[in-house]
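Enquirer: attaching a predicted model along with its sequence, questions to come.
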Amino acid sequence: MSALFSYRLRAESVAALLALLQVAQEGKARAFVTSGETGDPVIDGARIVYPWAETEAGIAYLDEETGEVVTPQIPTGDWLCEVLLTEPDAELGAIAV
């Protein structure tokens, strides 16, 4: 089994994440992003978990119905994606968080 190299990218929007991926794929044999039949971007789902809203823990409170302490997740406003590769990538490493 080969090692997996994981690179997490963060940007202020989904469009900015897409732009990061497009820049990072330049010169590579296999693209992270291609264009679909309608011209919309298509992400390589085999290597990229894309995208999800970054969250942080909010203020915990007691849920009166269940009696459980609940900590809501609050969006930070940033978006994340995870790039998984079988070989290291210095360019992705430089922009990863």
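Expert: Thanks, I have the structure now. Bear in mind that the values here come from a model prediction, so they are computed numbers and not experimental data.
Enquirer: list the contacts of the residue nearest the centre of the chain.
Expert: Central residue of the chain (CA atoms, centre = their mean): C81, 0.6 Å from the mean position. Each residue near C81 by CB atoms under 8 Å, 6 or more residues apart in numbering is listed here: 8-9, 17, 21, 48-52. For glycine as for every other residue, the C-beta is placed from the backbone atoms N, C-alpha and C.
Enquirer: nearest to A90 among those?
Expert: L9 (14.5 Å; CB to CB).
Enquirer: that closest one contacts L20, correct?
Expert: Yes - applying CB atoms under 8 Å as the test, L9 and L20 come out as touching, 5.4 Å apart.
Enquirer: now tabulate the contacts of C81 in a markdown table and tack on neighbour count and pLDDT.
Expert: A markdown table is the format used below for the contacts of C81 (neighbours: other CB atoms under 10 Å; pLDDT from 0 to 100):
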| residue | neighbour count | pLDDT |
| --- | --- | --- |
| R8 | 13 | 97 |
| L9 | 21 | 97 |
| L17 | 22 | 94 |
| L21 | 24 | 94 |
| I48 | 19 | 95 |
| V49 | 14 | 94 |
| Y50 | 21 | 86 |
| P51 | 21 | 90 |
| W52 | 11 | 95 |
